[in-house]
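J.: Okay, here's the prediction I keep looking at, along with the sequence it came from:
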Amino acid sequence: MNRPYTIATLGSHSALQILKGAHDEGFKTLAISNRETERLYRSFAFVDDVIVLNAYSEFMGLMDELKSRKCIIVPHGSFVAYLSLDEHKKMTIPYFGNKAVLDWEASRELQREWLSRADLKLPRQFKNGSEIDRPVIVKLYGAQGGRGYMFIRDTHDFEARAAHLKEAYTIQEYIIGVPLYIHYFYSPLSNKLEIMSMDRRYETNVDSLGRIPAAAQEGMDVSPSYVVVGNSAVSLRESMLAEALRMGDDVVKVSQEICGPKGLFGAFCIETIITPDIQFYVMEISARIVAGTNLFIDGSPYSYLNYSEPMSTGRRIAREIKNALLTNNLRLVLDDTSVL
Ligand code: AMP
Ligand code: AMP
């Protein structure tokens, strides 16, 4: 009999969810950890094996080892944080997802073009400080988890606090509303889009400023920061679900025009802010599993509607790979660089 595949991922971000899901779907599992996290991953029975690196940047040196173990890589946010675009493309081990999407995601300009073509409402972008006519958020390129973002009131504030910045940044209209992160899964096997779950992030300190009355804030030297520390569950007003689904559908449809016929598939997340007139403004798209799905390792109200059994996004990924194997369609769920 053929040796079974092992689902492997970096030990961080949403690895526990991915590996638990893989185990529940009958795969062997491998965590690639560092020295600090080795004990954590070894402590779970559903993790069959752990490879320890001194630094995640050594990951590319593992390719032969991963090939000989017959691994399929499931990427998550740490892959983007710790490996370059080039390294992603050089990997020839089986990789769940379409790497062509990475170029469209990584460039803020291309991402904007993709999302606009999908008819999503985007915050206005300003080219320079003198154009600013409303509150904006200044986002440093490559900032992670909201670190380094600045809330700017007007042109004057921009000159004082942001004009001197050496790093590249974008200036975006500040949208006041409820942030909602919608987690989707698109199956290339059944050509079906599912809403898996949704979350809102908990960010320090912006989510705490409301605890101090505005009058008391006056004169205090405090400005909002957007560093993510966790996530909480939300269920969306049901009449808004149709638009959430429409947005996901159109993002997938346009991706099939711009990133080759496979387009965007598997897990992805549209990051929105909802304004009082019930408009979804889209801040960003993440083309893979996001950490907010960790709230739903046991499934979400939405995944329960489709599955009647615990179905995390991590498990959904493993289920798709399993279904692909059972129908002899593995290539449909892997990037084209994958050597089997
Ligand atoms: P880490 O492995 O914790 O360094 O995270 C890798 C990337 O995922 C970073 O860009 C983090 O900002 C992002 N990230 C990690 N955890 C979360 C979370 N709970 N919610 C949103 N983003 C996260
Ligand atoms: P992002 O890196 O795009 O995921 O943004 C991180 C956080 O910054 C979000 O969760 C929001 O709290 C905040 N943010 C980003 N873009 C905007 C915007 N255009 N208006 C208001 N807040 C924003």
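T.: Sure thing, it's come through. Ligands and ions are numbered 1, 2, ... in the order given.
J.: Going by C-alpha atoms from here, please, whenever you check contacts or count neighbours.
T.: OK.
J.: ok, longest strand in the protein?
T.: strand 192-205 (DSSP state E).
J.: Could you export that one as CSV, CA atoms only?
T.: Extracted in CSV, the C-alpha atoms of strand 192-205 (Å, rounded to 0.1, in the frame of the first residue of the first chain):
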residue,chain,number,x,y,z
LYS,A,192,-18.2,25.8,-3.6
LEU,A,193,-17.6,28.7,-1.2
GLU,A,194,-18.3,28.4,2.5
ILE,A,195,-18.2,30.9,5.3
MET,A,196,-16.4,29.0,8.1
SER,A,197,-16.4,31.6,10.9
MET,A,198,-15.7,35.2,11.8
ASP,A,199,-13.9,37.1,14.5
ARG,A,200,-13.0,40.5,15.6
ARG,A,201,-9.5,41.3,16.7
TYR,A,202,-8.6,42.6,20.1
GLU,A,203,-6.0,45.3,19.6
THR,A,204,-4.0,47.2,22.1
ASN,A,205,-4.5,50.0,22.9
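J.: Contacts only, for the closest residue in space to Thr275 that isn't next to it in sequence.
T.: Among residues not flanking Thr275 along the chain, Gly177 sits closest, at 4.5 Å (CA to CA, 6 or more residues apart in numbering). Gly177 makes contact with 273-276, according to CA atoms under 8 Å, 6 or more residues apart in numbering.
J.: before we move on, back to that, distance between the longest strand of the chain and the chain's centre?
T.: Taking CA atoms, centre = their mean, to the nearest Å, the mean C-alpha location of strand 192-205 is offset from the chain mean by 10 Å.
J.: Note down every partner strand of that strand and its orientation.
T.: Paired neighbours of strand 192-205 in the sheet (DSSP bridges): strand 178-187 (antiparallel), strand 226-233 (antiparallel).
J.: my guess is Gly266 meets Ile317, correct?
T.: Yes. Between Gly266 and Ile317 there is a contact under CA atoms under 8 Å: 6.7 Å.
J.: So if I had to pick from these two, which one is more boxed in?
T.: Each of Gly266 and Ile317 has its neighbours counted (other CA atoms under 10 Å); Ile317 has more, 26 against 23.
J.: ok, that one to ligand 1 distance?
T.: 18 Å (CA to the nearest ligand atom, to the nearest Å).
J.: begin at 648 from here
T.: Got it, the first residue is 648 from now on, which makes the last one we talked about Ile964.
J.: now the angle from the helix or strand hosting that residue to strand 839-852?
T.: Taking DSSP states H and E as the criterion, Ile964 maps to helix 960-973. Angle, helix 960-973 to strand 839-852, by axes from the mean of the first three to the mean of the last three CA atoms, to 10 degrees: 150 degrees.
J.: counting contacts, what elements does helix 960-973 pack onto?
T.: helix 662-671, strand 825-834, strand 913-921 (3 or more CA pairs under 8 Å, 6 or more residues apart in numbering; DSSP states H and E).
J.: contacting residues around the longest strand of the chain?
T.: With CA under 8 Å, 6+ apart, strand 839-852 has contacts from 826-834, 871-882, 892, 895-896, 939-940, 943, 947-950, 959-960.
J.: Give me the buried entries from these.
T.: Neighbour-count burial (16 or more other CA atoms under 10 Å) applied to these gives 826-834, 871-875, 878, 880, 892, 895-896, 939-940, 943, 947-950, 959-960.
J.: could you pick out which of those are near ligand 2?
T.: Tyr873 (CA under 6 Å from any ligand atom).
J.: doesn't Asp983 fall inside a helix?
T.: No. Under the criterion used here (DSSP: H, G, I helix; E, B strand; the rest coil), Asp983 is coil, not part of a helix.
J.: Now do the contacts for it.
T.: Asn745.
J.: That one and Gly907, how far apart?
T.: 11 Å (CA to CA, to the nearest Å).
J.: can you check Ile720 too?
T.: Applying CA to CA, the value for Ile720 to Gly907 is 21 Å.
J.: more neighbours, these two?
T.: Per other CA under 10 Å, whichever of Ile720 and Gly907 has more neighbours is Ile720, with 21 against 12.
J.: Please look at the more buried one and Ile654 and confirm they touch.
T.: Yes. Applying CA under 8 Å as the test, Ile720 and Ile654 come out as touching, 6.1 Å apart.
J.: got a pLDDT number for Ser955?
T.: Looking at Ser955, its pLDDT reads 90.
J.: got the contact list for Thr940?
T.: Thr940 touches 661, 830, 844-846, 959-960, counting by CA under 8 Å, 6+ apart.
J.: again with Tyr951
T.: Applying CA under 8 Å, 6+ apart, we find Tyr951 in contact with 957-958.
J.: what's around Val899, how many residues?
T.: 20.
J.: And Leu709, by the same measure?
T.: 12.
J.: ok, now Lys714?
T.: 15.
J.: how about it, what does it touch?
T.: Ile740.
J.: Tell me the pLDDT of it.
T.: 96.
J.: how near is the residue nearest to Ala747 when sequence neighbours are not counted to Asn745?
T.: Closest residue to Ala747 apart from its sequence neighbours, by CA to CA, 6+ apart: Cys906 at 5.5 Å. To Asn745, Cys906 is 8 Å away according to CA to CA.
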